[in-house]
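1. got a sequence here, can you build the structure:
(one chain, ligands or ions: 1)
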Amino acid sequence: MKTTTLQLTLFGLAVTLGAATAAPLVSRLTPPSLLFSEGTATAPYISRFMVGQRFDLHATITADAATTITSGTFSVDGTPVPGTVTVTSIGSNKFNLVLRAYSNLVAAVHTFTVTATQSDSLTATATGNFEVVGTTAQGRKAKNVIYLIGDGMSMAHRTAARIVSKGIKQGKATGSLAMDTLPATAILNTCSLNSIITDSAPGAACYSTGNKSFNGQEGVFPDDTSDKWDNPRVEHMGNYLARTQGKALGIVTTADVEDATPGAFAVHTQDRGAGTGICDMYLDEAVAKHNLRVLLGGGRKWFIPFGQPGTGRVNTLTGSGADYVLPAELATAWGVPTGALDPSRDLIGDFVNAGFTYAPDKTSLLAIPANTTKLLGLFSSTHMDVSLDKIAARRGGAKVGAVPTYPDQPLLEEMTDKALQVLNRNANGFVLMIEGASIDKQAHNMDTERFVQDTIEFDKSVGRCIAFAETNPDTLIIVTADHECAGAAIIGASNVTNAALIIRAAAGGTDGVVAGAGVATDGQGTLRNGVVNTYDAAAFPFYDNISSGDGYPLTMDVDKKMLVGYGANGDRYEDWLQNAQPNANSMTRDTAGDFFIAGQATGGGSGTAVHTAADIPLSAGGRGSILFSGTMDNTTVFFKAMQAAIGGSK
Ligand SMILES: [Zn+2]
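-> Reported below is the predicted structural model:
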């Protein structure tokens with residue numbers, strides 16, 4: 001920036017012609033820092049890395065008209081960084097400067113400087129900073145690190161699951177969720193690099209990279225190109241610990257495996273929706289280079305060759321579902337394949353050729369050989385059915401979810417058991433991410449019964465991991481979320497029996513009386529004033545978790561049921577009854593009762609609740625869990641887990 005000022009001073013003519021012809025300008029410097037953007041050299045340091053963790057140094061330079069940027073140099077603490085600085089024109093007279101796969105072995109706050117040279121010999125320079133974080137020897141190391149991410153799960157989601165699955169009598173819970181039994185508790189701030197409201201991509205990638213990113217991005221920092229794959233990268237925890245300790249990586253989700261949270265643990269892209277490329281990258285990079293050994297979830301469509309029935313693969317590098325090709329300089333520096341536009345790829349076949357056992361359904365998952373060392377399971381075309389529908393199908397009910405062509409889907413706890421079994425065969429330990437994805441998706445849809453039961457399913461997986469840790473004591477278990485979803489709030493309980501609620505929901509707003517306003521005609525008398533008990537009147541809703549015999553509530557539609565409101569709601573009709581079908585449109589379901597609730601937010605589209613900025617809880621147990629307490633930024637979780645894995649803990 002000083003260079004710019006100097007040129008303006010020396011060439012008065014340039015001032016009269018305007019800044020565009022004054023001098024080249026550094027408009028972005030990566031890793032992001034307050035030192036670059038605001039001139040603030042003190043904490044908080046926006047970008048932090050582990051000692052030896054790899055990341056890209058990057059700058060965007062705006063050149064003067066009719067000139068180009070010809071070369072550049074990055075220096076750290078005044079010393080030029082060896083390696084190739086690649087200069088690329090990105091249009092609008094802007095240029096990318098990047099030096100790939102840098103790492104620093106000194107734990108300290110470092111300043112770094114880019115200097116770019118223009119074809120007329122004018123230069124631009126700018127300075128930022130980043131922190132490198134070390135570890136200390138504190139005791140036994142966490143051999144295994146398990147992240148359990150209840151997507152969108154905050155306090156209310158957990159409390160609701162406890163009320164429904166454990167019960168409350170005279171004010172005390174009559175049982176604990178598995179996650180309640182973990183000894184360490186912390187509170188996390190969840191904001192992303194560009195908003196107080198994060199989406200699931202940076203909300204989860206922070207646990208894998210230790211860094212913030214823009215919404216929609218995973219494993220990268222933002223840049224100024226539309227290319228989904230050329231962004232400055234940050235090395236994932238699984239990659240780092242595979243490289244330095246020989247650990248294996250596992251990814252388990254109830255979502256499509258290309259979804260944001262699973263992708264955030266192994267993929268580098270600025271577009272969380274690039275399904276073809278994301279799934280190809282799992283095999284090309286994570287399996288081939290970073291010891292990914294378990295991948296379980298939905299999303300089979302990305303693995304079926306283009307043109308065949310059920311395929312979702314696309315024949316493009318742009319737009320929705322895009323495939324990937326990396327810049328050659330990126331692939332060379334990071335030691336990964338460049339990828340290819342290959343819509344007809346048989347990705348399941350390629351996984352099998354790489355040594356994976358493939359399970360297309362629950363039956364085959366439960367029957368995998370005991371000596372399986374690599375496991376791919378793809379149990380539906382896109383997102384898997386939610387717990388409530390999977391359980392209904394097992395009980396022989398009519399509800400088999402949105403994709404009846406996939407009737408034999410495993411529960412998350414069954415996927416968890418198999419993932420632990422397979423990963424535990426790696427003598428050096430593992431990093432495992434397990435996501436309860438539809439806590440978020442069903443909260444978005446304001447489908448209370450489905451998000452609550454999915455939280456119960458998620459908690460059963462927590463229980464399986466706790467049991468594993470009891471026989472594998474050097475295991476760290478971290479249970480948290482990526483953000484809160486929907487502003488979920490337990491507001492009370494129904495005043496009526498389920499039978500009475502059904503009558504009210506069918507009758508509409510004719511039998512309720514609104515105080516001071518006579519007979520209601522808008523459902524508020526019938527389904528609000530006549531139903532919603534608060535405070536003392538709410539008492540203790542009771543759910544039968546025994547009679548079903550499968551550990552899940554016999555029904556969510558109990559008499560005087562728990563009621564949930566949504567503070568970040570989209571428009572919806574509400575009748576408090578379980579929706580017969582999943583993913584029902586909140587504007588066309590439940591309309592007979594005529595109880596319309598206007599949403600404040602349309603950010604997720606009409607009829608969709610949105611994420612909120614509320615802090616989220618974290619529970620931890622096992623080796624290293626003592627490191628987790630207090631209130632912290634979400635990126636700090638990464639560094640504490642790495643301390644446990646590298647430096648150990650008491
Ligand atoms: Zn999320």
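2. close to the ion: what parts of the stretch 51-200 of the chain are there?
-> 151, 200 (C-beta under 5 Å from the ion). Placement of C-beta: from N, CA and C, glycine included.
3. now do the strands in the stretch 51-200 of the chain.
-> 55-62, 69-76, 79-80, 86-91, 94-102, 108-118, 123-133, 144-150, 168-169, 172-173, 184-189 (DSSP state E, counting those that start in this stretch).
4. can you say which of those is nearest to D575?
-> strand 168-169 (24.8 Å; C-beta to C-beta).
5. in JSON lines: the strands of the stretch 51-200 of the chain, plus mean neighbour count and mean pLDDT.
-> JSON lines is the format used below for the strands of the stretch 51-200 of the chain (neighbours: other C-beta atoms under 10 Å; pLDDT from 0 to 100):
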{"stretch": "strand 55-62", "mean neighbour count": "25", "mean pLDDT": "98"}
{"stretch": "strand 69-76", "mean neighbour count": "18", "mean pLDDT": "98"}
{"stretch": "strand 79-80", "mean neighbour count": "10", "mean pLDDT": "98"}
{"stretch": "strand 86-91", "mean neighbour count": "14", "mean pLDDT": "97"}
{"stretch": "strand 94-102", "mean neighbour count": "22", "mean pLDDT": "98"}
{"stretch": "strand 108-118", "mean neighbour count": "20", "mean pLDDT": "98"}
{"stretch": "strand 123-133", "mean neighbour count": "22", "mean pLDDT": "98"}
{"stretch": "strand 144-150", "mean neighbour count": "28", "mean pLDDT": "98"}
{"stretch": "strand 168-169", "mean neighbour count": "12", "mean pLDDT": "97"}
{"stretch": "strand 172-173", "mean neighbour count": "10", "mean pLDDT": "98"}
{"stretch": "strand 184-189", "mean neighbour count": "18", "mean pLDDT": "98"}
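6. okay if I get those as a markdown table plus distance to T40?
-> Converted to a markdown table, these look like this (distance: least, C-beta to C-beta, whole Å):
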| stretch | distance to T40 |
| --- | --- |
| strand 55-62 | 19 |
| strand 69-76 | 19 |
| strand 79-80 | 23 |
| strand 86-91 | 28 |
| strand 94-102 | 23 |
| strand 108-118 | 12 |
| strand 123-133 | 9 |
| strand 144-150 | 32 |
| strand 168-169 | 48 |
| strand 172-173 | 46 |
| strand 184-189 | 19 |
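7. which one of those strands lies nearest to G570?
-> So among the strands of the stretch 51-200 of the chain, strand 144-150 is nearest, using C-beta to C-beta, at 21.3 Å.
8. other SSEs contacting the closest one?
-> Packing partners of strand 144-150 (3 or more C-beta pairs under 8 Å, 6 or more residues apart in numbering; DSSP states H and E): helix 200-209, strand 430-436, helix 448-471, strand 475-480.
9. and the last one, how far from the chain's centre?
-> To tie it back to what came earlier, the one meant is strand 475-480. 16 Å (C-alpha atoms, centre = their mean, to the nearest Å).
10. go on, the second one?
-> Between the centre of strand 430-436 and the centre of its chain there are 11 Å (C-alpha atoms, centre = their mean).
11. which of the residues in it are buried?
-> Within strand 430-436, the residues that count as buried by 16 or more other C-beta atoms under 10 Å are 430-436.
12. what residue ranges in the chain score low on pLDDT?
-> 1-22, 397-404, 509-522, 603-605 (pLDDT under 70).
13. let's see that with 50 instead.
-> Along the chain, segments meeting pLDDT under 50 span 1-20, 400-403, 510-517.
14. which of the buried residues of strand 430-436 sits closest to the ion?
-> Nearest to the ion among those, counting by C-beta to the ion, is E435 at 8.8 Å.
15. okay, now the domains of this structure?
-> Per automatic domain parsing, the structural domains of the chain span 22-133, 144-487+611-647, 489-566+569-597.
16. point out the most buried one among those domains.
-> Burial of these is given as mean neighbour count (mean count of other C-beta atoms under 10 Å); domain 144-487+611-647 ranks first at a mean of 22.
17. span of that one from start to end?
-> 13 Å (C-alpha to C-alpha, to the nearest Å).
18. returning to that earlier point: now the buried residues of strand 430-436 as TSV including distance to G78?
-> Output for those, formatted as TSV (distance: C-beta to C-beta, whole Å):
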residue	distance to G78
F430	40
V431	36
L432	41
M433	39
I434	44
E435	43
G436	48
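19. of those residues, which are in range of the ion?
-> Applying C-beta under 5 Å from the ion to these, none is adjacent to the ion.
20. tell me the SS of the nearest residue to A437 once chain neighbours are set aside?
-> Excluding the flanking residues, the one nearest A437 by C-beta to C-beta, 6 or more residues apart in numbering is A255, at 3.5 Å. At A255 the chain is in strand, as set by DSSP: H, G, I helix; E, B strand; the rest coil.
21. and for the one 10 residues further on?
-> Following three-state DSSP, F265 is assigned to coil.
22. how near is the residue in the stretch 501-650 of the chain positioned nearest to the ion to G263?
-> Taking C-beta to the ion, the ion has its nearest neighbour within the stretch 501-650 of the chain at H611, 6.9 Å off. As defined by C-beta to C-beta, to the nearest Å, H611 lies at a distance of 17 Å from G263.
23. go on, A354?
-> For A354 relative to G263 (C-beta to C-beta), the value is 19 Å.
24. repeat for R345
-> Taken as C-beta to C-beta, the span from R345 to G263 is 18 Å.
25. equivalent analysis for N93, please.
-> In terms of C-beta to C-beta, N93 sits 33 Å off from G263.
26. any chance you could map the helices in the stretch 401-550 of the chain?
-> 412-423, 438-444, 448-471, 498-507 (DSSP state H, counting those that start in this stretch).
27. now those as JSON lines including distance to G167?
-> Shown next, in JSON lines, are the helices of the stretch 401-550 of the chain (distance: least, C-beta to C-beta, whole Å):
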{"stretch": "helix 412-423", "distance to G167": "20"}
{"stretch": "helix 438-444", "distance to G167": "20"}
{"stretch": "helix 448-471", "distance to G167": "12"}
{"stretch": "helix 498-507", "distance to G167": "18"}
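28. among those, which is nearest the ion?
-> Of the helices of the stretch 401-550 of the chain, nearest to the ion by C-beta to the ion is helix 438-444, at 4.5 Å.
29. for that closest one, packing partners?
-> strand 248-256, helix 448-471, strand 484-485.
30. pretty sure Q524 contacts F595?
-> Yes: taking C-beta atoms under 8 Å as the definition, Q524 is a contact partner of F595 at 6.5 Å.
31. got a list of what V133 touches?
-> Residues in contact with V133 (C-beta atoms under 8 Å, 6 or more residues apart in numbering) are 48-51, 107, 210, 639.
32. can you pull the residues of the stretch 351-500 of the chain lying near the ion?
-> Contact residues, the stretch 351-500 of the chain versus the ion (C-beta under 5 Å from the ion): 440, 482.
33. for the closest residue to T73 other than its chain neighbours, name its beta-bridge partners.
-> Leaving aside its sequence neighbours, T73 sits nearest to T115 (C-beta to C-beta, 6+ apart; 4.9 Å). Note on T115: beta-bridge partners by DSSP bridges are T73, T125.
34. could you tell me how far T115 is located from the ion?
-> T115 sits 40 Å away from the ion, going by C-beta to the ion, to the nearest Å.
35. residues contacting that residue?
-> Contact analysis of T115 by C-beta under 8 Å, 6+ apart lists 72-73, 75, 123-125.
36. start to end distance for stretch 27-42?
-> Across stretch 27-42, first to last residue, C-alpha to C-alpha, it's 21 Å.
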